[in-house]
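Student: Got a sequence here, can you model it:
(one chain, ligands or ions: 1)
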Amino acid sequence: MSPSHLHLVAAPAPPQAGAPTAIASAPPPLAIEGLDAGYGRTPVLHALSLTVPAGCVTALVGPNGAGKSTLIRAICGRLAVKAGAIAICGLPADTAEARGKIGLAPQDIALYRALTIAENLAVFAELSGLSPSDGRLRVAQVLERTGTAARQDERIDRLSGGWQRRANLAAALMGAPRLLLLDEPTAGVDASAREALAVLVRALAHDGLAVLLVTHDFEFAEQVADRAAILMGGHMALEGPLADLLGQRFAHRRAVEITFAAPPPALRAELLASLGLATEGATARGLISDSPRAVSTLLARLDTLGLPPRTLTLKTPGLPALYDAVTSAGV
Ligand SMILES: Nc1ncnc2c1ncn2[C@@H]1O[C@H](COP(=O)(O)OP(=O)(O)OP(=O)(O)O)[C@@H](O)[C@H]1O
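Tutor: Predicted coordinates:
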């Protein structure tokens, strides 16, 4: 491969002359259809379908044991598929060619701790089959793109959690993937490093990468994701553009959070529940109409119940509210 053919994100094949909208009809970086998979005779994933388009960040969320890691294993071709199909850019996931289009930044930092960032990336360049000169060029590109150039000569075990995560992500980019799998990228990362990671992940999607983000960090997911996939008990409970999912679930409603001076007595909490408010300690949460009179109506009802609020906060429902709605409804 000549240096001029090195791209941070492998470019899709250029359209043929006369071929109508070749890019638009290119297979997505990840397409899963009717997947059944598990361990030995233990089924985990059932009839699961998921499409991860290029240029988007898809947040994959779900309770512990829902099957997120199992799904990542299946995408990487490391699990026997019992039914259905997984295609990476149109290629079966269990082929070497498909695996070459995936970059995985695992939850456990997968780097040599006694080597520097640049030395680690050089190892990944070699593993990707790049020649020494192409490898050097690619290391330089990835250091630049991920903002790790300034720390390239520092050993991994001397870096903060945030820089280690950034280097872990850089290593996943060395093979110029089309699909980037990020498993809990904010684990052990402080607030300012999280912010920097969010900017980087968005920039990579802007470059054209398809990013599948597995996380329990809803704040981060909400910041970077334009699509969401909610996995429950091995099946996909909900999947699609986040704005559409929120619009369908919460049209004309807002999330309300009310705090009281003290936890309401059980009988009052039941009455709050009849207003659609779930009580936890001295806090009640729920959804109300976004009509201008909804708040004054609610305040009047709280007054009738003898529960004057200490604070009342209104928010536009986001991914955490969607997740709560889906998981509590057992969809
Ligand atoms: N190697 C294995 N052999 C057999 N069963 C397994 C194996 N690994 C996971 N499981 C089971 O598969 C199910 C899904 O586990 P998985 O780790 O994929 O969930 P998860 O959504 O990633 O959970 P978490 O959020 O806790 O990481 C669980 O019931 C788990 O016990």
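Student: Rounded mean pLDDT for stretch 218-226, please.
Tutor: The pLDDT scores in stretch 218-226 average 95.
Student: next one: stretch 163-180
Tutor: Per-residue scores along stretch 163-180 average to 97.
Student: same thing with stretch 131-145?
Tutor: Averaging pLDDT along stretch 131-145 yields 97.
Student: what about it, distance to the chain center?
Tutor: Centroid separation for stretch 131-145 versus its chain: 27 Å, with Cα atoms, centre = their mean, to the nearest Å.
Student: ok, and for that stretch, which residues are buried?
Tutor: Residues 134-139, 141-143, 145 are the ones in stretch 131-145 that count as buried (16 or more other Cβ atoms under 10 Å). (Each C-beta comes from the backbone N, C-alpha and C, glycine too.)
Student: a helix runs through residue 126, doesn't it?
Tutor: Yes: Residue 126 forms part of a helix when assessed by DSSP: H, G, I helix; E, B strand; the rest coil.
Student: Adjust the sequence numbering to begin at 833 for everything that follows.
Tutor: New numbering, starting at 833: the last item is residue 958.
Student: what's around it, how many residues?
Tutor: 13 (other Cβ atoms under 10 Å).
Student: now residue 864
Tutor: Burial of residue 864 is recorded as 23 neighbouring residues (other Cβ under 10 Å).
Student: ditto for residue 920
Tutor: Residues lying near residue 920 (other Cβ under 10 Å) number 29.
Student: now do residue 871
Tutor: Neighbour count for residue 871, taken as other Cβ under 10 Å: 11.
Student: residues in contact with it?
Tutor: Residue 871 makes contact with 902, 911, according to Cβ atoms under 8 Å, 6 or more residues apart in numbering.
Student: what about the closest residue in space to residue 1065 that isn't next to it in sequence, distance to residue 958?
Tutor: In space, residue 1065 comes closest to residue 898 once its chain neighbours are excluded; the distance is 6.4 Å by Cβ to Cβ, 6 or more residues apart in numbering. Residue 898 sits 36 Å away from residue 958, taking Cβ to Cβ, to the nearest Å as the criterion.
Student: again, but for residue 1129
Tutor: 67 Å.
Student: same deal with residue 882?
Tutor: Computed with Cβ to Cβ, the distance linking residue 882 and residue 958 is 32 Å.
Student: can you pull the contacts of residue 1028?
Tutor: Residue 1028 touches 979, 994, 998, counting by Cβ under 8 Å, 6+ apart.
Student: my read is it is in a helix, agree?
Tutor: Yes: under three-state DSSP, residue 1028 sits within a helix.
Student: Show the pLDDT at it.
Tutor: Looking at residue 1028, its pLDDT stands at 95.
Student: Repeat that for residue 1107.
Tutor: At residue 1107, pLDDT is 89.
Student: And what about the residue nearest to it when sequence neighbours are not counted, helix, strand or coil?
Tutor: Excluding its sequence neighbours, the residue lying closest to residue 1107 (Cβ to Cβ, 6+ apart) is residue 1133, at 6.1 Å. Secondary structure for residue 1133, judged by three-state DSSP, is helix.
Student: what about residue 1133, neighbour count?
Tutor: 15.
Student: now it: how far from residue 1063?
Tutor: In terms of Cβ to Cβ, residue 1133 sits 37 Å off from residue 1063.
Student: in stretch 993-1009, what's buried?
Tutor: Neighbour-count burial for stretch 993-1009 [16+ other Cβ under 10 Å]: 994-1009.
Student: again with stretch 1112-1119
Tutor: 1116-1119.
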